[in-house]
Every structure is written in C-alpha cells, then in structure tokens.
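>>> Make a model of this:
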Amino acid sequence: MGPASGDNPILARVPEIDFEELLSRSPNPYVLLDTNLSIVWMNDAYLKVTMRERGEILHRNMFEAFPSEGESYHQLKESFDRVIETGETDEIAHIRYDIANPDGSFDTHYWSATHTPLSDADGNVAYILQHTVNITELEELRRLRETAGVVERARNVEKRYRNAADELVRVTNLIEQAPGFVAVLSGEDHRFLLANAAYRTLVGDRDLIGRTVSEALPEVEEQGFVGTLDRVRQTGKAYFGTRERVALVDPETGSENEFHLEFIFQPIAETNGEVTGVFIQGYDVTEEVEAEERQTLLINELNHRVKNTLGIVQGLAQQSFGGSGEKRLDVFVARLAALASAHNLLTECSWKTANLESIIRRSLAATAGSDSDRFSFDGPAFTLEPQQAVALAMIVHELATNALKYGALSNGNGQIAIRWHMQDAEDAERLVIEWQESGGPPVSEPEKRGFGSRLIARGFGNRHDSVTVDYAPHGLYCRLETTV
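Model prediction:
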C-alpha cells in the first residue's frame with residue numbers, strides 16, 4: 001500500500017517512506033475496510049488484540065468475521081455509514097463488542113474506535129481505516145471504582161444504621177426507665193408495640209407485646225377506655241385523663257384494685273395525616289388523691305367539731321348572760337356568727353387562702369343581710385391567708401353592725417362603698433381596703449370606745465398595720481392597710 005496522500009509538503013520531501021510498513025509495525029491496532037465493509041488489510045497489533053490469524057478474516061465482511069447483534073452491531077454499523085456518507089472521520093468513544101476466544105468462548109470486551117475515510121482520485125470514499133483500542137481493562141477499573149464507591153456508601157449506610165440503632169437503644173432504655181408509664185399501640189385493634197417497666201408494673205406484669213388492649217386488659221374495655229382509643233384514632237385528637245379512676249385486676253389474686261391516673265392518649269400520625277397508632281403516657285397519682293381525700297375528711301371533721309364547740313360556747317353564753325344580759329348576748333352571738341362564716345369559707349378553701357371579696361360579702365350577709373343594692377365592691381381579685389381572712393371578717397362585721405345602729409344602714413337610703421387596691425411600699429406591697437358610708441344620718445365620733453372599736457383599730461394584727469377611722473358628718477370612712 002502506497003502513501004495515503006501526496007498533498008502534504010513534508011511527506012512530499014520523503015517519498016521513499018513505506019506507510020504500509022509503518023502501520024504494520026505500529027503497536028496500535030489498525031484494520032482497513034472497503035466500502036462494502038470487507039477487510040482488505042490489518043496489522044499485527046490488530047490480529048493480536050482480536051486473537052485472530054490473518055487468513056481467518058482477510059477479505060471477509062467485518063460483521064462476518066466478528067459477528068454481533070443488537071446495540072453493538074447498530075452502533076458500529078452506523079459509524080461506518082456516517083463515514084461513507086459524509087466523508088468525515090467518525091469516532092466511537094465507548095462500545096461493548098464481544099468477540100470469540102480461540103476456544104469459542106466469549107469474554108466481555110469494550111473498545112474505543114476511530115474511523116478515518118481514505119478517498120480515491122475522484123474524492124470518493126474508497127476505504128475506511130479503523131484505529132481500535134481495547135479499553136476493557138480501563139472499563140473494569142472504572143467499574144471497580146464504582147464498586148468501591150458503592151461499597152463505601154454501603155459502609156456509610158451501615159455506620160449510620162449502627163448509629164441509629166444505638167440511638168434507638170438509648171431512647172428505648174430511657175423510656176424503659178422513665179418514672180411515668182409509657183406504651184405504644186398500633187393498628188385499629190390497638191396492639192401493644194411497646195410498654196415500659198412502669199406500665200408493666202401498673203398492670204401486674206402481664207404479657208402485653210403483640211396483644212391487643214382488649215386481649216391483655218379486658219377490664220379496661222368494660223370501663224370504656226377502648227372506645228376512647230377508637231375516638232382518638234378516628235378524630236386524630238388527643239384525650240387527656242385527669243385523675244381518672246381505673247380498676248385493674250391483679251393477675252395473681254384476681255382481686256380488683258382501683259387507681260387514679262393522669263394520662264394522655266396521643267394519636268400517632270404519618271406524614272399523610274393517617275393515624276396509625278396511639279402513644280400513651282401518664283402517672284399514677286393514687287397516693288396523692290387518697291392523701292387529699294384523707295385531708296378533706298379531716299378538715300370536715302375539724303369543721304364539725306369547731307361548730308359544735310361554737311354551739312357549746314353559745315349555750316354557755318346564754319346561761320351566763322341570763323335574761324338581764326339579752327342585748328349583750330345578741331352582740332356576742334352575732335360575733336360568733338361572723339366568725340363561723342369566715343371559718344366556713346376557709347373550710348371550703350381547705351384552709352389555704354380565701355378570696356377577699358368573698359370574705360366581705362359573706363360577713364355582710366351574716367350581719368346586715370344580702371341587700372346587694374346597699375353595697376358596692378371594687379377591687380382586683382386577691383386572696384388572704386387564714387389568719388388575715390378571720391381578722392377581716394370580724395372587722396367587716398363590726399363596721400356593718402355600727403352602720404346598722406348609727407350609720408348608713410340605719411335608714412333606707414344609705415349606701416356603703418367598699419374598695420381595695422395594692423399600693424407599692426419601700427420594702428413590700430401593701431393591701432389597702434377602704435370602707436366609705438354615705439346617705440345615712442349625720443355621724444359623730446363616739447364618746448367612748450367599746451370592744452368593736454378596739455377590734456377595728458387592731459386591724460389584721462400585724463405590727464406594721466395601719467387603721468384610719470374618720471367619723472365625717474356625711475358618712476364614716478375607714479381605711480385599713482397591711483403588708484402582704
């Protein structure tokens with residue numbers, strides 16, 4: 001085969017070069033095809049890479065010498081066709097083209113090929129020079145890198161899984177050791193997925209996991225709690241149980257025990273909003289409730305005994321004062337009634353604190369009746385300690401008694417305005433209570449002070465209390481101040 005072209009000026013100066021010999025000695029595989037795709041020449045490197053003898057493939061069609069079908073055939077054939085039609089070089093960067101081994105077996109091969117047209121004197125494509133490179137090893141290395149990447153990703157996934165599993169174990173341990181009871185139910189039949197130690201202890205260490213609430217705790221279904229769980233699933237709204245009484249059967253003795261529980265049934269919703277389970281969390285407050293019931297019982301018993309004592313005191317007073325002391329007896333009895341009214345209010349509040357306005361209203365009702373048109377009240381909500389509550393009740397009683405005898409309540413037109421507010425002081429806030437009478441007969445200061453006046457002047461009994469009483473002609477004014 002002679003020179004491929006005589007147009008190159010460099011080649012023109014060295015016409016003695018035998019290009020066929022040059023390509024034959026090249027370590028790169030070359031094969032020459034005519035336009036019918038018959039093999040007309042190949043170098044030794046091509047025979048080596050394709051594992052063929054020259055006589056096996058010379059003058060044979062490329063696709064007869066190296067049969068293929070499917071994607072490989074179409075990809076190679078289309079490249080040859082483009083070269084013939086356009087007269088331009090065409091490349092195939094990557095093609096899988098399996099060829100037979102000498103023993104007839106097949107191995108997977110990947111190639112990169114360049115197809116260069118060789119034209120005749122008229123400029124028509126006469127031959128196609130194929131430069132072929134076997135890139136199977138490179139492809140295998142690439143796949144190994146990809147495999148290594150997959151392995152590394154798998155390791156990372158496994159590491160994240162282990163971390164997640166460890167975190168799950170930690171969370172599970174925390175739930176198991178939680179002081180409150182916790183359980184997780186799944187499905188429409190409320191099947192136990194999880195129950196911590198506190199929950200298992202509460203229900204008598206029964207077998208729970210995998211069983212429905214109705215199977216494991218039939219007694220709670222009879223009490224309506226399964227129906228409540230159904231509503232939580234249907235509505236997607238949580239249910240809060242406040243000191244609810246729950247009867248549970250002891251699995252060992254068969255006896256029924258009552259508990260008071262604070263708990264929540266919280267729906268477990270998926271991202272699409274579907275409720276798939278219920279989360280249960282709560283506390284056993286049985287001891288607290290029973291202690292409060294015992295305290296209430298004791299307070300009621302104390303109140304009963306105090307009332308009995310006051311009744312005895314009243315009887316003794318009647319016997320002591322006799323007929324000549326009837327007027328003094330009425331005053332004494334009225335004061336006892338005011339004291340009993342304050343005592344009743346404190347009993348209702350479990351002897352903790354009592355509402356200021358309630359104290360005033362009850363003391364007025366016990367002394368002057370419940371004619372609300374004669375009284376007005378103005379002040380913020382405020383509570384007093386038991387000792388302060390009793391002192392205020394007695395003061396209001398004395399003021400109301402005085403108003404009935406001499407002041408605004410001694411006629412049909414008088415009014416009493418009672419106001420209270422908080423006032424800032426240097427070291428603490430002070431409660432200020434004002435009593436203002438109007439519309440009654442003219443007021444004058446009494447010539448001497450009796451027990452009631454002394455009781456009012458004493459205030460709440462604190463050292464820093466302040467009491468002001470003004471016997472103004474238009475109506476008595478009293479101002480009480482105490483530190484709170």
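>>> quick one: low-confidence parts of the stretch 101-250 of the chain?
Judged by pLDDT under 70, the stretch 101-250 of the chain has its weakly predicted residues at 140, 143-144, 146-152, 154-155, 158, 161, 164-165, 168.
>>> which stretches of it form strands?
Under the criterion DSSP state E, counting those that start in this stretch, strands of the stretch 101-250 of the chain are mapped to 106-107, 110-119, 125-134, 181-186, 191-195, 239-249.
>>> Now do the fourth one against strand 191-195, angle only.
If I follow you right, that is strand 181-186. With axes from the mean of the first three to the mean of the last three CA atoms, to 10 degrees defining the directions, strand 181-186 sits at 150 degrees from strand 191-195.
>>> And strand 181-186, what's buried?
Residues F181, V182, A183, V184, L185 are the ones in strand 181-186 that count as buried (16 or more other CB atoms under 10 Å). All C-beta spots, glycine's among them, are computed from the backbone N, C-alpha and C.
>>> before we move on, the earlier item: the strands of the stretch 101-250 of the chain into TSV, with extra columns for distance to I95?
Putting those into TSV (distance: least, CB to CB, whole Å) gives the following:
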stretch	distance to I95
strand 106-107	15
strand 110-119	5
strand 125-134	10
strand 181-186	55
strand 191-195	55
strand 239-249	68
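>>> For V226, find the nearest of those strands.
Counting by CB to CB, V226 lies closest to strand 181-186 out of these; the figure is 10.2 Å.
>>> which residue ranges form the helices in the stretch 101-250 of the chain?
For the stretch 101-250 of the chain, the helices defined by DSSP state H, counting those that start in this stretch occupy 136-177, 197-202, 213-216, 218-222, 225-235.
>>> Please name whichever of those helices is nearest to R60.
helix 136-177 (23.5 Å).
>>> quick one: the lengthiest strand in the chain to strand 181-186, angle?
Across the chain, the longest stretch assigned as strand under DSSP state E is strand 256-269. Between the direction of strand 256-269 and that of strand 181-186, the angle (the same axes, to 10 degrees) works out to 50 degrees.
>>> what helices or strands is strand 256-269 leaning on?
Judged by 3 or more CB pairs under 8 Å, 6 or more residues apart in numbering; DSSP states H and E, strand 256-269 is in contact with helix 225-235, strand 239-249, strand 275-284, helix 286-321.
>>> That one pairs with which strands, and in what direction?
Strand partners for strand 256-269, identified by DSSP bridges, are recorded as strand 239-249 (antiparallel), strand 275-284 (antiparallel).
>>> what does the average pLDDT come to for the shortest one?
Meaning strand 275-284. Per-residue pLDDT values across strand 275-284 average out to 92.
>>> May I have the beta-bridge partners of the closest residue in space to T228 that isn't next to it in sequence?
Excluding its sequence neighbours, the residue lying closest to T228 (CB to CB, 6 or more residues apart in numbering) is Y239, at 5.5 Å. Applying DSSP bridges to Y239 yields these beta-bridge partners: F265.
>>> ditto for D107
Assessed by DSSP bridges, D107 has beta-bridge partners I99.
>>> That one: neighbouring residues, count only.
In terms of burial, D107 registers 10 neighbours under the definition other CB atoms under 10 Å.
>>> go on, L174?
Using other CB under 10 Å, the number of residues around L174 comes to 11.
>>> Can you name the residues that contact it?
In this structure, L174 makes contact with no residue, judged by CB atoms under 8 Å, 6 or more residues apart in numbering.
>>> Look up how far N196 lies from it.
The spacing between L174 and N196, counted by CB to CB, to the nearest Å, is 9 Å.
>>> need the contact list for E481.
With contact taken as CB under 8 Å, 6+ apart, E481 is in contact with Q423, R430, L431, V432, I433, G459, D465, S466, V467.
>>> Going through these, which ones are buried?
In the contacts of E481, burial by neighbour count holds for R430, L431, V432, I433, G459, D465, V467, counting by 16+ other CB under 10 Å.
>>> By pLDDT, give me the weakest of those residues.
The lowest pLDDT within the buried ones among the contacts of E481 belongs to G459, with 82.
>>> Roughly how far does it sit from M394?
Relative to M394, and taking CB to CB, G459 is found at 11 Å.
>>> How is the protein divided into domains?
For the chain, the structural domains run 9-134, 178-284, 341-483, going by automatic domain parsing.
>>> Including distance to T296, could those domains go into JSON lines?
Putting these into JSON lines (distance: least, CB to CB, whole Å) gives the following:
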{"stretch": "domain 9-134", "distance to T296": "89"}
{"stretch": "domain 178-284", "distance to T296": "14"}
{"stretch": "domain 341-483", "distance to T296": "7"}
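>>> E167 is nearest to which of these?
When these are ranked by proximity to E167 (CB to CB), domain 178-284 comes first, at 15.8 Å.
>>> wait, doesn't F460 sit right on V467?
No - between F460 and V467 no contact is recorded; they are 9.0 Å apart, counting by CB atoms under 8 Å.
>>> count of residues packed around the nearest residue to L185 once chain neighbours are set aside?
Distances taken as CB to CB, 6+ apart place V278 nearest to L185, at 4.6 Å, with adjacent residues excluded. Per other CB under 10 Å, the neighbour tally for V278 reads 24.
>>> Which residues are in contact with V278?
Taking CB under 8 Å, 6+ apart as the test, what V278 contacts is V184, L185, H190, L229, V232, R233, F265, Q266, P267, I268.
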